[in-house]
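*Asks:* sharing a model prediction with you, sequence too.
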Amino acid sequence: MSVKEEQYKGLGFLCGLEIHQRLATDLKLFCSCSAELAKDEITGNIIRYQKAVAGELGSIDPAATFESMRRREFRYNIFRGHSCLVDIDEEPPHSVNRQALKIALSLAHALNMRTINELEPMRKEVVDGSNPTAFQRSILIGMNGSMMVNGHKISIPALFVEEESSGIEDSTQSGIIYNTDRVGIPLIEIDTAPDITTPQEAKVAALQIGTLLRIAGGVQRGIGSIRQDVNVSIREGARVEIKGLQELDVLDKMIENEVIRQQKLIEIKKLLVHRHAKVYEAKELTDIFDSTNVSVIKNALGKDGIVMGFGLKGFKGTLGTEINPERRLGTEISDYAKMAGVGGIIHSDEDLGHYGFLDNEINRIIKRLELKNEDAFILIAGRRGVVEGASHLATERARYAMMGVPRETRGVLSIELYTTKFLRPLPGGSRMYPETDAKPVLITETMLKEAMQNAPDIENEIANLSKELKRKELVNTMILSPKLQLYKFLSKNTRADKEFIANILSQKFTELKREGFDIDSIKEKGLVELFNIYAEGLITKQAVEELLKLLVKGNQDLKQIIKSNKLERIKGAALKSLIKQEASMQKEKISRELLIKAIMSKHRLNVDGQELKEIIKHV
């Protein structure tokens, strides 16, 4: 056992993954609409409000209840040929997409799973608006599988094929605009057990599952087509789900920071218990600020708003305690309040003078809330109904600080800082119920045999890559790379050297991404043209990197970009002429090495170093 494994085992670390991969089928999962994202104009929209309902077991899911309380408006954009009545539950679902089932069954076989003989479509309640129907259709395909990661067995308890959610077009506190062209596209979900021992192992496991999905075929490429949800907990903490991680490079860092966040919250809990902390009910404090200079409060009162505040016995100093980079306990409480529609909170661990509070105002708050030296307070300003809702959510989160870590679903806040923010309470099992409008699907021996034949095999893929790529380390990099599918596509559709393609995708893409270039935004068509131009000898290796940077800025004509940026390759007779010209410019005769250095320093992007050496060798 490694040192890190020992450390995380000592923390009671538990971690599991949920991998979601969109499939590249012709049609959606339960209707005859195109499974490609729409490129045409919006043909209409509908508006809906959603509320929580009881699941199969008769209870209402806490996440659904929370989302229902927010009373947000959801607007759904409709696209001809990409949206239909099935998407809004105004027409029964069609027969399940057999193309999607075949892919799912082959993946289940690759993961050593026991497949289900009779597939039963289910409804999973979703009340965040991402599905116009307020539910997602889901089918359990396989159970009790496993995979080996670095010699460690990780259980795969379930594999589902289900409907993709709508894509967000715009979002505000009061509502969200969704595009329905994405909703209903087949999606594979693969869940691991909480067997993962370290954040680094989680990253390797996600890469390995991603590799299986990519070599299985029939999966979409591009931004958002694959997402990782991570479930993390430690001893005395709680299970927290981090949703929608698309950047595998930072997955381990996000998990590490979640562990630190839970450790800090546990420390705060112990301190609050020692202090016999208590959270008081919120009170209206509007009259204290009749002539205030605090702009946040002044603006709220100018719109007929109110100010509410509540005391926190024994909380002094804890609200300002950092639990993650640029995140404090006060920030966590503020995230809950914001769900009701306020811009945030003000708490007593902040520099209140910075806001413009007067000593008289602070003294009146302390007196009204009956606070002592070790106590703290929180203020919220805005419209009455919104502030009352925000105060309720904020007091609930503050009370949970005395219990430790709340069970939450969290979203990525900052990839650079590896931080997350609260989205909603963690869902439970009460949101599943049968889809009575869809027939069960019988799995035949023929289907299972075909699945076995088509099952992806990582060892075979490594063997095939080894025939194409000379360096073993490059093979090992590419087999786990999210760019594997793109590599295979470019190898097939361009004349460029395969080793060169793999190097660019595995090294240059990573470097440019770290430098802030949105490299994933480059369309496949542009990459095919770029590699073909390179293969024709019209540009150098060095120019490829520069052109990738320029392609990020927009879909311009590549040959025009090369011309306008003077990136044409100098070769043959033109290169010989350049060598003579450079040699004649030297005051005295210099060595071949110095001549090469002088030319490359001026023409690095236009001259191929190997060709230059060959020509100078014979000069």
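*Replies:* That came through, no problem.
*Asks:* list the buried ones in the host helix or strand of Arg137?
*Replies:* Using DSSP states H and E, Arg137 sits within strand 135-149. Buried residues in strand 135-149, defined by neighbour count with 16 or more other Cβ atoms under 10 Å: 135-142, 145, 147, 149. For glycine as for every other residue, the C-beta is placed from the backbone atoms N, C-alpha and C.
*Asks:* next one: it to chain centre, how far?
*Replies:* Strand 135-149 sits 20 Å away from the centroid of its parent chain (Cα atoms, centre = their mean, to the nearest Å).
*Asks:* and the next element down the chain from it?
*Replies:* Next along from strand 135-149, by DSSP H and E: strand 152-163.
*Asks:* about what we covered before: now pLDDT too, for the buried residues of strand 135-149, in CSV please.
*Replies:* Formatted as CSV, the buried residues of strand 135-149 follow (pLDDT from 0 to 100):
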residue, pLDDT
Phe135, 92
Gln136, 94
Arg137, 96
Ser138, 96
Ile139, 97
Leu140, 97
Ile141, 97
Gly142, 97
Gly145, 97
Met147, 95
Val149, 92
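*Asks:* what is the burial count for Thr510?
*Replies:* 15 (other Cβ atoms under 10 Å).
*Asks:* if I look at it, how far off is Ile242?
*Replies:* 22 Å (Cβ to Cβ, to the nearest Å).
*Asks:* mind listing what Thr409 touches?
*Replies:* Counting by Cβ atoms under 8 Å, 6 or more residues apart in numbering, Thr409 touches 63, 240-241, 243, 423-427.
*Asks:* okay, buried residues for stretch 94-107 please.
*Replies:* Of the residues in stretch 94-107, 94, 96-97, 99-107 count as buried by neighbour count, 16+ other Cβ under 10 Å.
*Asks:* likewise for stretch 398-409?
*Replies:* 398, 400-402, 404-409.
*Asks:* and the two most separated of these?
*Replies:* For the buried residues of stretch 398-409, the farthest-apart pair by Cβ to Cβ is Met402 and Thr409; their separation is 21.7 Å.
*Asks:* any regions of the chain where pLDDT drops low?
*Replies:* 1, 3, 52-65, 67-70, 428-430, 554-556, 587, 618-619 (pLDDT under 70).
*Asks:* domain parsing for it?
*Replies:* As recorded under automatic domain parsing, the domains making up the chain are 3-271+429-434, 278-401, 457-564, 572-617.
*Asks:* among the buried residues of stretch 94-107, which ones are in helices?
*Replies:* Within the buried residues of stretch 94-107, residues falling in helices by DSSP state H are 99-107.
*Asks:* rewinding a little: of the domains of the chain, which is nearest Ala451?
*Replies:* Checked against Cβ to Cβ, the stretch from the domains of the chain lying closest is domain 3-271+429-434, at 3.7 Å.
*Asks:* just how off-centre is the closest one within its chain?
*Replies:* Distance of domain 3-271+429-434 from its chain centroid, counting by Cα atoms, centre = their mean, is 11 Å.
*Asks:* coming back round to it: generate TSV for the ones in helices among the buried residues of stretch 94-107, with distance to Glu582 as supplementary columns.
*Replies:* Formatted as TSV, these follow (distance: Cβ to Cβ, whole Å):
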residue	distance to Glu582
Gln99	60
Ala100	61
Leu101	65
Lys102	61
Ile103	58
Ala104	62
Leu105	64
Ser106	59
Leu107	58
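*Asks:* hmm, Asn117 is touching Ile443, no?
*Replies:* Yes: between Asn117 and Ile443 there is a contact at 5.6 Å, judged by Cβ atoms under 8 Å.
*Asks:* between those two, which is the more surrounded one?
*Replies:* For Asn117 versus Ile443, neighbours defined as other Cβ under 10 Å are more numerous around Ile443 (16 against 11).
*Asks:* quick one: the more buried one from Gln453, how far?
*Replies:* Separation of Ile443 from Gln453 (Cβ to Cβ) stands at 15 Å.
*Asks:* what does Gly145 give?
*Replies:* Remark: distance between Gly145 and Gln453 (Cβ to Cβ) = 18 Å.
*Asks:* same for whichever strand or helix holds Glu332, what does it pack against?
*Replies:* Glu332 belongs to helix 329-338 when assigned by DSSP H and E. Secondary-structure packing of helix 329-338 (3 or more Cβ pairs under 8 Å, 6 or more residues apart in numbering; DSSP states H and E): strand 376-382, helix 384-400, strand 419-425.
*Asks:* angle of that helix against strand 376-382?
*Replies:* If you take axes from the mean of the first three to the mean of the last three Cα atoms, to 10 degrees, helix 329-338 sits at 30 degrees to strand 376-382.
*Asks:* run through who's touching helix 329-338.
*Replies:* Helix 329-338 is contacted from outside by 173, 265, 268, 318-321, 323, 344-345, 347, 349-350, 378, 380, 390-391, 393-394, 396-398, 401, 421-422, using Cβ under 8 Å, 6+ apart.
*Asks:* would you mind listing the buried residues in the helix ranked longest in the chain?
*Replies:* The single longest helix within the chain, with elements called by DSSP H, is helix 251-274. Using 16+ other Cβ under 10 Å as the test for burial, helix 251-274 gives 251-266, 268-269, 271-272.
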